[in-house]
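>>> curious how this folds, go ahead:
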Amino acid sequence: MNFEQIVEFIRSQSVIIIYAILFLSAFIENIVPPFPGDAVMLAGAYLAGEGNITYIGVLLSGVAGGLTGAMTLFTIGRSGGRRFFETGRGRMLIKGNLSKMDSMFQKHGIAIILVSRFMAGIRSAVAVSAGIAQFNTARMAVLTSISLFLWYGMLLSLMIYSKSNWRMIVESVKKYNIVLIIVGILILLLWVIRALWLRRNSK
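Modelled structure (predicted):
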């Protein structure tokens, strides 16, 4: 489904359903990064420019959905992630690195979470890792909200001030996300390969 089709689909819905779609899209994108949530948000911004919905409504729907998704992953990491990596099968993937993760979030957790929404393909891992590191829940929610407001605010601003060039904006955001998703996948693969290599050589 291309951008025009997304716009037409959303335009055909009632106002409440449109906001629900924006919320659900942002939620899913935080759980499954390849999902084109930003394209849906840009479509919402496009429709807001036509007067079908409001920019504030689009922004709040995206932030609420993104925050719900991030906090869901954070809760999973906080409730069972540490046990999985300490005693479960995951211990071979992160053996000896939990203390490093804890230290990283103690020193740089605020900065990492603030920029997390700008890191497609990595932000989901950041939310889970913050939970595993037992990062403060309230602080996680506040910092994630700020990150989401900054990202979605930027997307909406681009559509407001450059609406005549919306195709360029959509393509630029798409390419940006694809590049970061590829980088995130490569980092994950290198991490797994390194963990398996260390495991084999420790026997």
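
>>> quick one, helices of this protein?
3-11, 15-31, 37-50, 55-76, 82-87, 91-94, 98-114, 123-132, 137-161, 166-201 (DSSP state H).

>>> tell me the phi and psi of Thr54?
The phi and psi values for Thr54, taken as degrees, to the nearest 10, are phi -110, psi 150.

>>> how close does the residue nearest to it when sequence neighbours are not counted sit to Ala125?
Nearest residue to Thr54, sequence neighbours excluded (Cβ to Cβ, 6 or more residues apart in numbering): Ala48, at 5.9 Å. Just so you know, the C-beta spots here come from the backbone N, C-alpha and C atoms, and that holds for glycine as well. Note on Ala48: its distance to Ala125, by Cβ to Cβ, to the nearest Å, is 31 Å.

>>> can you check Tyr46 too?
31 Å.

>>> need the contact list for Arg11.
By Cβ atoms under 8 Å, 6 or more residues apart in numbering, Arg11 lies in contact with 47, 52.

>>> for it, give me the pLDDT.
Arg11 is assigned a predicted lDDT (pLDDT) of 93.

>>> how close does it sit to Ala141?
32 Å.

>>> also Ala45?
Using Cβ to Cβ, Ala45 is found at 25 Å from Ala141.

>>> which one of those two has more residues nearby?
Comparing Ala45 with Ala141 by neighbour count (other Cβ atoms under 10 Å), the higher total belongs to Ala45, at 25 against 15.

>>> how much space between that one and Ile178?
Ala45 is 20 Å from Ile178, by Cβ to Cβ.
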